[in-house]
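S.K.: attaching a predicted model along with its sequence, questions to come.
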Amino acid sequence: MNFHALYLIISASALVYLARFDHYGLYIAIALFWIISAFYKPLTSIAIWSIVVFMGGFALMRIINITASGIPSSYYLMILSGEIIVMLIGVFLVKSI
């Protein structure tokens, strides 16, 4: 198993864990797409780009929230830094395909 597939599977697992089957199946469907893409190479690049966009959107929302609300808790900042790191890893992986 290569790093691209591992990245997709870990991202899908984290999404399912965080969503906790709560968003009417939308996040579950996205996670299933990422898992399928881990094993079906023509979709791998598209799936990694979708993770980059997904994490970038969440990070942007958190940054806007921080600018509007002020300094958040350390947990909130840790989540933001994790989203940015996952996004940057995705960009690196797409460039290496």
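M.R.: That came through, no problem.
S.K.: now do the helix or strand encompassing residue 44: which elements does it pack against?
M.R.: Element membership for residue 44 (DSSP states H and E) is helix 44-69. Packing partners of helix 44-69 (3 or more Cβ pairs under 8 Å, 6 or more residues apart in numbering; DSSP states H and E): helix 3-19, helix 26-39, helix 74-95. (C-beta placed from N, C-alpha, C; glycine too.)
S.K.: now the residue lying closest to residue 86 once chain neighbours are set aside: how far from residue 81?
M.R.: The shortest distance from residue 86 to any residue that is not its chain neighbour, by Cβ to Cβ, 6 or more residues apart in numbering, is 4.9 Å, and that residue is residue 55. From residue 55 across to residue 81, the span is 11 Å (Cβ to Cβ, to the nearest Å).
S.K.: those two: which is more packed in?
M.R.: residue 55 (20 against 12; other Cβ atoms under 10 Å).
S.K.: what sits against the closest residue to residue 47 other than its chain neighbours?
M.R.: Leaving out its chain neighbours, the residue that sits closest to residue 47 by Cβ to Cβ, 6+ apart is residue 37, at 3.4 Å. The contact partners of residue 37, by Cβ atoms under 8 Å, 6 or more residues apart in numbering, come to 8, 43, 44, 46, 47, 48.
S.K.: I appreciate the help and will end here.
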